[in-house]
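Participant: sharing a model that was predicted from the sequence below.
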Amino acid sequence: MKYFTKLRQVVMEMEKEEVVIYPCYVSYKSTKYIVLIERILDDTNNSDIAKLIFMDADNLSDKLAVMVNDYSFSSATTKEIRIFFNIPYEDGKLGTLFQNLYISLSSQFPNHYFPNYKNQKSLRQIVLDEIGSNSPANADKKYCHHIKRLGVTANGKHMRRSAYNSQKTQLLRPSLFNYFCKDKSLSFCFYDDPNMERNDTQIINYFSSNKRINV
């Protein structure tokens with residue numbers, strides 16, 4: 001049975017909005033979880049839809065990461081999934097052990113991407129922390145100083161900013177992102193020193209004057 005096919009639509013909408021990580025809430029057996037739906041940027045395995053990171057809402061350090069396809073979870077072992085969700089082992093039922101789990105979670109997962117999570121400070125920070133974990137060297141860099149135009153590839157096309165850079169800027173500097181978002185060859189540069197932060201007007205004027213471009 002295809003339990004998780006609807007997540008494909010969510011991931012497609014995330015890609016359109018330059019979003020890598022989308023948080024939502026689910027519950028199972030009276031435990032509330034925060035789930036991070038994370039796009040797979042390396043699409044060499046077309047069967048997987050996304051990476052899911054489950055976190056106990058009362059203990060964020062208690063987490064489980066799995067890959068999800070239309071039918072099931074993978075990458076984590078059966079034992080890891082069973083222990084995390086408190087599912088008892090039953091002889092002879094290995095094939096249907098997670099059926100109730102999949103049915104319950106699939107009914108709670110979103111059908112579409114909605115950016116309303118940005119209004120919740122705690123969820124914004126969780127997403128920023130996860131973005132930082134994918135680039136530890138930049139994890140503490142949250143003060144935007146300037147914008148740079150990326151170089152060109154061997155075939156003469158401009159490189160594109162990373163989806164992580166886009167989502168980070170959406171969360172930390174939404175008005176600045178909206179101003180420049182259509183030009184995907186521009187990357188937003190952050191520093192860990194708060195004294196380096198510039199406001200939108202300063203960044204726009206600096207970019208315009210140094211690149212001799214009207215923006």
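Facilitator: That came in fine, so what should we check first?
Participant: quick one: strands adjacent to the biggest strand by length in the chain?
Facilitator: Looking across the chain with DSSP state E, the single longest strand is strand 59-68. Counting by DSSP bridges, the strands paired with strand 59-68 are strand 50-56 (antiparallel), strand 73-74 (antiparallel).
Participant: for residue 181, find the nearest of those.
Facilitator: For residue 181, the closest of those is strand 50-56, at 22.8 Å, according to CB to CB. From N, CA and C alone the C-beta is placed, and that goes for glycine too.
Participant: name the residues of that closest one that are buried.
Facilitator: Within strand 50-56, the residues that count as buried by 16 or more other CB atoms under 10 Å are 50, 51, 52, 53, 54, 55.
Participant: of those, closest to residue 164?
Facilitator: Checking these against residue 164 with CB to CB, the nearest one is residue 51 at 13.7 Å.
Participant: excluding its backbone neighbours, what's nearest that closest one?
Facilitator: Distances taken as CB to CB, 6 or more residues apart in numbering put residue 38 closest to residue 51, at 4.2 Å, once the chain neighbours are dropped.
Participant: name the helix or strand of this protein that has the lowest mean pLDDT.
Facilitator: helix 200-211 (a mean of 89; mean pLDDT, DSSP states H and E).
Participant: and the strands paired with strand 59-68 as CSV, adding mean pLDDT and distance to residue 126?
Facilitator: Formatted as CSV, the strands paired with strand 59-68 follow (pLDDT from 0 to 100; distance: least, CB to CB, whole Å):
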stretch, mean pLDDT, distance to residue 126
strand 50-56, 98, 8
strand 73-74, 94, 21
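Participant: so which of the ones you listed gets nearest residue 119?
Facilitator: So among the strands paired with strand 59-68, strand 50-56 is nearest, using CB to CB, at 19.4 Å.
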